[in-house]
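1. Next one to model:
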Amino acid sequence: MTHHPATPRLEPWKVGIRGRCPRCGEGRLFKGFLSLAERCDRCGLDYSFADPADGPAFFVVCFGCVPAVLFAVWLEVAFEPSPWVHVFVSLPFLLLTCILPLRPLKGWLVASQYHHKAEEGRLVAPGTERDDHR
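-> Numbers count the residues shown, from 1 in each chain. Below is the predicted model:
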């Protein structure tokens, strides 16, 4: 996960939302819709460092699902439409705001992990030196 001096330092949001390698900006980050590739097909960066966990889902729920559900509830309370209105308006709106942002958000979080050299936390015993060499 070290930064190679020959490669430019890329902004995580620029490469992440496009699903590109955080080191070279050209290789593919994903092998499926949400599954990460094992390594970059251009520069060979190993993506095993990446673990966005539930981060993308959290952001989508907070900023996509909640407003979409509130819209559907408001629509129901304000207009009392037939169930078909919810099938053709509320459901597509909910699916678009919940599924489409997942991939760009996951790419952004993985690229941010690389950019900021994030790694799993470790406990250090008192009196021992930390290993800050990266």
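2. where are the low-confidence patches of the chain?
-> Residue ranges of the chain with pLDDT under 70: 1-7, 129-134.
3. residue boundaries of the helices in it?
-> Using DSSP state H, the helices of the chain run over 12-16, 55-60, 66-79, 83-85, 91-99, 102-115.
4. Now render the ones you listed as CSV, adding distance to residue 22.
-> Placement of C-beta: from N, CA and C, glycine included. Formatted as CSV, these follow (distance: least, Cβ to Cβ, whole Å):
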stretch, distance to residue 22
helix 12-16, 6
helix 55-60, 15
helix 66-79, 29
helix 83-85, 43
helix 91-99, 23
helix 102-115, 4
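5. from those, which stretch is densest packed?
-> helix 102-115 (a mean of 21; mean count of other Cβ atoms under 10 Å).
6. May I have it exported as CSV, CA atoms only?
-> What follows is helix 102-115, C-alpha atoms only, in CSV (Å, rounded to 0.1, in the frame of the first residue of the first chain):
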residue,chain,number,x,y,z
LEU,A,102,-23.5,2.1,-3.9
ARG,A,103,-20.7,1.5,-6.5
PRO,A,104,-19.4,5.1,-6.7
LEU,A,105,-19.4,5.4,-2.9
LYS,A,106,-17.6,2.1,-2.4
GLY,A,107,-15.0,3.1,-5.0
TRP,A,108,-14.6,6.5,-3.3
LEU,A,109,-14.1,4.8,0.1
VAL,A,110,-11.6,2.3,-1.2
ALA,A,111,-9.6,5.1,-3.0
SER,A,112,-9.7,7.1,0.3
GLN,A,113,-8.3,4.1,2.2
TYR,A,114,-5.4,4.0,-0.2
HIS,A,115,-4.9,7.7,-0.3
